[in-house]
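K.L.:
Here you go, sequence then predicted model.
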Amino acid sequence: MPRKTNGIEIEIHPRPTKGEDGKPLLYVRPAKGRKKSFKELENFCNKYRGIRTGELIQVFDVVKEVLGLWLSDGYRVETPLGSFAPKLKLLGEHTDPKTIQGRDIAYAGIEFIPSKEFYKEAGNNREGYRKSQAPVGNSQMYDAKAMDEALRRSLRLGYVTIPEFMIYSGLKRDSAKTYLDSLCKGEHPHLWKVRESRRWLYFPKKQTPKE
């Protein structure tokens, strides 16, 4: 069966919680790297929507200025795309409203709630979804065969370091360290680790170095 090449490309990642089979529950998100620049937006609108070159950036500049002005005064601003409102946070721990002063409040960002029309248009996916073919996140950590092969390849010098295992496994640093450390534990550990300067060396258990 030919591989699907259209639709939204998605990545599959493990969640911290596990299912009934003991494996991590999964979640999906759009694949990284799929983005459009403002220049591409401007060129598209110029070619297909009759917007003259330079008009779009001028409109955005004006909207940005006025939105910023009103948001800085605490207003919620409604637009065809949705509504924008300032988010605030309270500094420190307070239980008595009388103790809260202006200096105890800080700006915490901007809240955006899409309009129904924009949400409908953005969610009008006509092509379905397709899975990314490349290993992503740390999901490969739960593929025993992939991890065994990564470990075998990274032990070519008789030991492995965390940075080297990251290369062969595709894991991020914390996950690579967690995985290697897990192989040093239990009644029948597969690895033994020693500290050398600022790095850890992981040796196969059958080649345990003398202390």
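P.N.:
Looks like it arrived, so ask away. All values derive from a computational prediction rather than experimental measurement. Numbers count the residues shown, from 1 in each chain.

K.L.:
quick one: contacts for the residue nearest to G109 when sequence neighbours are not counted?
P.N.:
Using Cβ to Cβ, 6 or more residues apart in numbering and skipping the chain neighbours, the partner closest in space to G109 is K87 (4.7 Å). For the C-beta atoms, the positions are set from N, CA and C on the backbone; glycine is no exception. Residues near K87 by Cβ atoms under 8 Å, 6 or more residues apart in numbering: Y107, A108, G109, I110, E111.

K.L.:
Now do the longest helix along the chain: everything it contacts.
P.N.:
In the chain, assigned by DSSP state H, the helix with the most residues is helix 55-72. Contacts to helix 55-72, defined as Cβ under 8 Å, 6+ apart, come from residues F38, L41, E42, C45, N46, V77, T79, F84, A85, P86, I110.

K.L.:
Can you name every helix or strand that the helix or strand that contains the last one contacts?
P.N.:
In this case it means I110. In the assignment (DSSP states H and E), I110 maps to strand 105-114. Under the contact criterion of 3 or more Cβ pairs under 8 Å, 6 or more residues apart in numbering; DSSP states H and E, strand 105-114 touches strand 82-90.

K.L.:
circling back to that earlier point, the strand holding I110 pairs with which strands, parallel or anti?
P.N.:
Strand 105-114 has the following strand partners under DSSP bridges: strand 82-90 (antiparallel).

K.L.:
Name the residues of the partner strand that are buried.
P.N.:
G82, F84, A85, P86 (16 or more other Cβ atoms under 10 Å).

K.L.:
And for stretch 38-56?
P.N.:
For stretch 38-56, by 16+ other Cβ under 10 Å, it's E42, I51, L56.

K.L.:
same question, stretch 68-82
P.N.:
Quick answer for stretch 68-82 (16+ other Cβ under 10 Å): L71, V77, L81, G82.

K.L.:
ok, which pair from those is furthest apart?
P.N.:
L71 and L81 (14.4 Å; Cβ to Cβ).

K.L.:
Low-confidence stretches in the chain?
P.N.:
For the chain, the stretches flagged by pLDDT under 70 are 1-5, 16, 133-142, 207-211.

K.L.:
all strands of it, in order?
P.N.:
With strands called from DSSP state E, the chain shows them at 8-18, 24-30, 77-78, 82-90, 105-114, 129-131, 191-196, 199-204.

K.L.:
Residues contacting the strand holding I110, please?
P.N.:
71, 81-91, 122.

K.L.:
Which one of those residues is nearest to P204?
P.N.:
Closest approach between the contacts of strand 105-114 and P204, by Cβ to Cβ: K89, at 50.3 Å.
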